[in-house]
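Enquirer: Have a look at this fold, sequence not included:
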């Protein structure tokens, strides 16, 4: 219980740090970036949106920094993330809402798949040390884990999209003919468009899990209780799964949550290359459109998502492993 | 950008080893481990290319001197791009920018991580708590989106800003690792002996603790260099670097902008990407090899004929 | 363990099978299942706007005008900039100047109905103009800087001018969409209201709008009988150039407004029906800040102009899409009829590095050991040039210019900025050199040259200049330009343009490098009636309004 509270406290602290970063960054940069942008919109924004923007970027210069800060926090807490400038006059929340499910789908499914496949391969590879699988797996996946996400995406686009025409290489679905909804053609269309991006993410992220799992498995296999189990004459698969893997998976779980930050980064680049209409692609569009409220909103969203995943993994770890509850 | 491979903090070598011998040990280990050898060779190749680009590529990377859209030939190993620039020259000369980023960021980040990680472990108490929280918070905030935001506000000011931004945000993972290891060392005999001798804290940290952690520090440097390369080229690729610098990431940016894949110039995009992958692989292989060196359990099992005892 | 690998293989194969079947079912191939399958009387537009649609259709507000004018709203008269201002009456049937060109009278067409059935009258026209007067944020053309009153009586609209401004006919008659008084007068804030249910007189109605696509259907009560011939238009919101270009290449879209790299490989080679035409509109110029003491020296500017190989900038920087410009500032072939041959001859060879070096030397500069020319006082010809980092073709063009100027000893260093930063620095005069083009265009060369050279459009450094960024201020130039605005006689106009060209060639206030173009691709397999270089009846880009309406009215399905 205390452990959960402590983690929750850490969660709140990190959230606060992200909010403060969001607040400070535009003010720290030379030549307030917002000021130039405001003049562009002066005749066209309604007064409320103007005030919100000014609070966001500290252009109410008659207010002190601290009162600006509290004004900003108040805005955030009331769910007012401002108006998007590139999709004016849509609010930031509505714009993000249209993109978020694409990323959740793509990243969520790919991550789960990568975790399952990667952990499985890692376990097997460690169990058969020195075997054919083990001599191939580490070098291959060490290399794949160092390949930039966007390059894998580009290669897939080139080979499967452009040369072979097996899959579409752009977008989330065919916008002029399909209506989003619960119909079969839409689902088929979505899967069709999501296949290559998912493959790109899978190829680059799976390596980490395989190798981490393999390494922790190897260390676990050297433990005494595993040796005891072998001495007892238990079947190999049972030892591998119920004794070794079950304990080796714990550090992997923690790693899973932490690597989520990297998966998110990878998703941004993959979405960019495939023009996949998710949150990552939207962030890059916001950057090129100088849509600062949208950029900040997206950054907060991504941070919160990663934090929630880590919190979930932490709680899961605590539930599964009694040792972490008492250790520091 | 994948997570560093070791999920387990590696144990310090059992015996205390003075700094000079540690490096020699490292050297020997590199030579005997196949992955490390491969990684080293790759890295050395890239370093040579970065140091002497003019010897390898005879053309200027920026001059729009040739007919555009040429395919690979003996005159132009990778062909020319849409602007009539020799692609081979671009890739070769771009190596310098990439390696500078890799080494500068790698060193700076590792330096900060050593400072904070070891200080936190050694000073303990409130220092450890505060630094620990700072490290953990930065660890959890997704780095790439943060970098995107910083680079966006800085409006692509060039390599220096890129280096600074990446350094300031990337030290937390290795700081955590170093702190863990430093903690395990805190009560080792040789350190207690040093304190009993009356040596000051700073001396103990610099002359006793840090040399013992050499292999981990070197591994951290490699990890950080790898990240630096991937992060920097990713930022340049999406247009947040300075498009006029010659670097692999900016070449990819121009390739993407000119739809190189769709207009029959795939080498424009594939070649620099392959180089990033190769350099990244070099760092990753070396890193992995250091894991194995530091943690003997991970070393490849050598099948040797058992001598039957009779 | 063996069982596990078997499962793994099956899982992998299964995934691949699902993916492949989904892929094979609607494989894009060269013709997309999405586009060609639907009937060919549906026109799909490919215009990458960089953002999703916000489903607002207020034609007077720049945020929404792109989607509203031409499709749903119409102007009084269509003026074709590509045919020297040839006019086509739209909501006005005739017009005349009077009172020393200080009064402009329009006869409004009878029988035109708004899409909700209400008749359109002269009162709507007067209402539109007076609305713009009331909300200055809507006055994008600056019409009220010269108008004093707009009134309607019967079928006539009378406009009185405070200053004679004949060229403003284009802004008033062509660039002002007419809005319905009976709806807009009930709105509390017409200038910011997005107008989600637009009512206009134009050939199309907005039938469906989502952030990713807009569908227009033909207006059955449109005042031109039998038009429009195309019953449905799809206007997807493209956020990336590559996707928009891909849709053109695979036939999903038929009317493109895109910059396509290596257009022959990417697009025209895919089908004999695919064509493109890029009509030039304005000059993209190297803009010197004339308040800079070195750049104030006319010989330095002349030298720069001679040192630049415009052909190479056009071929390398702009992939040959943007033709080279000339120092007279007249865009060819669009305004070739206005070209003053004597000015061209006196200028001589456009690219002449020897002449550039001679000019610099005669101005007292000599080559330094670092390869940069310097004068006796040690001032070097080294400048920074502002550029918009997002426009990769401009970045590439400036790189070429950089190399060419270096060959004569002038060093320029590009400073690539974001759009907003660039405009801020340029408008306020905080730069040395910049690379830019005018944002507005008109039916004769006057419009662009007036923007660049009229001192009414400039401001001192530290204040925002409207369009004369280089701070050129010359009473004789002003006199010429102002005189042009008072006359409707084409001979007088041409004589004035000749003198302006002389100024451009001798004084070099700006250095035109290439000519910006309208981006335009079209598919003749599905539709006919497209504008072409042989038949330039309108500006052909989907983002040019109200020209897009003319294109839509000429198109018919095959």
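Expert: That came in fine, so what should we check first? All of these numbers come straight from a predicted model, not from anything done at the bench.
Enquirer: low-scoring stretches of the chain, by residue?
Expert: Just going to use chain A. Residues of chain A meeting the criterion pLDDT under 70: A:1, A:29-63, A:178-179, A:252-258, A:322-328.
Enquirer: you looked at the wrong chain, it should be chain B
Expert: B:1-23, B:25-27, B:29-31, B:156-157, B:293-310.
Enquirer: How about the closest residue to chain C within chain B, nearest residue that isn't a chain neighbour?
Expert: Nearest residue of chain B to chain C: residue B:263, at 3.7 Å (C-beta to the nearest C-beta). Backbone N, C-alpha and C define where each C-beta goes, glycine included. Leaving aside its chain neighbours, residue B:263 sits nearest to residue C:262 (3.7 Å; criterion: C-beta to C-beta, 6 or more residues apart in numbering or on different chains).
Enquirer: got the contact list for that neighbour?
Expert: Counting by C-beta atoms under 8 Å, 6 or more residues apart in numbering or on different chains, residue C:262 touches B:69, B:82, B:258-259, B:263-265, C:319.
Enquirer: Which pair of these spans the longest distance?
Expert: For these, the farthest-apart pair by C-beta to C-beta is B:264 and C:319; their separation is 14.2 Å.
Enquirer: Looking at those two, which one has more neighbours?
Expert: residue C:319 (20 against 16; other C-beta atoms under 10 Å in any protein chain shown).
Enquirer: Verify the contact between that one and residue C:261 for me.
Expert: Yes. In this structure, residue C:319 is within contact of residue C:261 by C-beta atoms under 8 Å, at 6.5 Å.
Enquirer: Surely residue C:310 touches residue C:513?
Expert: Yes. With contact defined as C-beta under 8 Å, residue C:310 reaches residue C:513; the gap is 5.7 Å.
Enquirer: ranges for the helices of chain B?
Expert: B:19-32, B:34-51, B:53-56, B:87-123, B:125-140, B:143-154, B:159-170, B:172-185, B:189-197, B:201-203, B:210-212, B:214-237, B:248-257, B:266-294 (DSSP state H).
Enquirer: Identify whichever of those lies nearest to residue C:439.
Expert: Comparing the helices of chain B by C-beta to C-beta, helix B:248-257 comes nearest, at 22.5 Å.
Enquirer: ok, and what's touching the closest one?
Expert: For helix B:248-257, contacts defined as C-beta under 8 Å, 6+ apart pick out A:150-151, A:273, B:81, B:83, B:87, B:90-91, B:94-95, B:97-98, B:232-239, B:241-244, B:261, B:265, B:268-269, B:272-273, B:275-276, C:261, C:392.
Enquirer: So the residue nearest the centre of chain A: helix, strand or coil?
Expert: The structure's chain A has its C-alpha centroid closest to residue A:264; by C-alpha atoms, centre = their mean the separation is 2.6 Å. Secondary structure, DSSP: H, G, I helix; E, B strand; the rest coil: residue A:264 is helix.
Enquirer: For the closest residue to it other than its chain neighbours, what are phi and psi?
Expert: Among residues not flanking residue A:264 along the chain, residue B:142 sits closest, at 5.2 Å (C-beta to C-beta, 6+ apart). Torsion angles at residue B:142 (phi, psi; degrees, to the nearest 10) stand at phi -60, psi 120.
Enquirer: Would you agree residue C:448 is in contact with residue C:439?
Expert: No. Residue C:448 is beyond contact range of residue C:439, at 10.2 Å (criterion: C-beta under 8 Å).
Enquirer: So for the two, which sits in the more crowded spot?
Expert: The residue with more neighbours, out of residue C:448 and residue C:439, is residue C:448; 24 against 10, by other C-beta under 10 Å.
Enquirer: contacting residues for that one?
Expert: C:282-283, C:329, C:331, C:438, C:441-442.
Enquirer: Most neighbours among those residues, which one?
Expert: residue C:283 (28 neighbours).
Enquirer: got the residues of the stretch 151-300 of chain B near chain A?
Expert: B:152-155, B:226, B:230, B:233-234, B:237-240, B:252, B:256, B:261-262, B:266, B:269-270, B:273-274, B:276-277, B:280-281, B:283-285, B:288, B:291, B:295, B:297-298, B:300 (C-beta under 8 Å from any C-beta of the partner chain).
Enquirer: Just give me the neighbour total for residue A:302.
Expert: The number of residues near residue A:302, taken as other C-beta under 10 Å, comes to 26.
Enquirer: Let me know the pLDDT of residue C:17.
Expert: Residue C:17 is assigned 41 on the pLDDT scale.
Enquirer: before we move on, the earlier item: between residue C:310 and residue C:513, what contacts are shared?
Expert: Contacts common to residue C:310 and residue C:513, judged by C-beta under 8 Å, 6+ apart, are C:324-325.
Enquirer: Which single residue in the stretch 201-328 of chain A comes nearest to chain C?
Expert: residue A:275 (4.4 Å).
Enquirer: Report pLDDT for the residue nearest to that residue when sequence neighbours are not counted.
Expert: Take residue A:275 and drop its neighbours on the chain: the residue closest to it by C-beta to C-beta, 6+ apart is residue C:240, 4.4 Å away. Looking at residue C:240, its pLDDT reads 83.
Enquirer: Determine the number of other residues adjacent to residue C:240.
Expert: Using other C-beta under 10 Å, residue C:240 has 19 neighbouring residues.
Enquirer: which of the contacts of residue C:262 are buried?
Expert: B:69, B:82, B:258-259, B:263-265, C:319 (16 or more other C-beta atoms under 10 Å in any protein chain shown).
Enquirer: count of residues packed around residue A:232?
Expert: Residue A:232 has 8 nearby residues by other C-beta under 10 Å.
Enquirer: thinking again about what came up before, could I get the helices of chain B in JSON lines, plus columns for mean neighbour count?
Expert: Below are the helices of chain B laid out as JSON lines (neighbours: other C-beta atoms under 10 Å in any protein chain shown):
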{"stretch": "helix B:19-32", "mean neighbour count": "13"}
{"stretch": "helix B:34-51", "mean neighbour count": "17"}
{"stretch": "helix B:53-56", "mean neighbour count": "13"}
{"stretch": "helix B:87-123", "mean neighbour count": "22"}
{"stretch": "helix B:125-140", "mean neighbour count": "16"}
{"stretch": "helix B:143-154", "mean neighbour count": "24"}
{"stretch": "helix B:159-170", "mean neighbour count": "20"}
{"stretch": "helix B:172-185", "mean neighbour count": "21"}
{"stretch": "helix B:189-197", "mean neighbour count": "12"}
{"stretch": "helix B:201-203", "mean neighbour count": "11"}
{"stretch": "helix B:210-212", "mean neighbour count": "19"}
{"stretch": "helix B:214-237", "mean neighbour count": "26"}
{"stretch": "helix B:248-257", "mean neighbour count": "25"}
{"stretch": "helix B:266-294", "mean neighbour count": "24"}
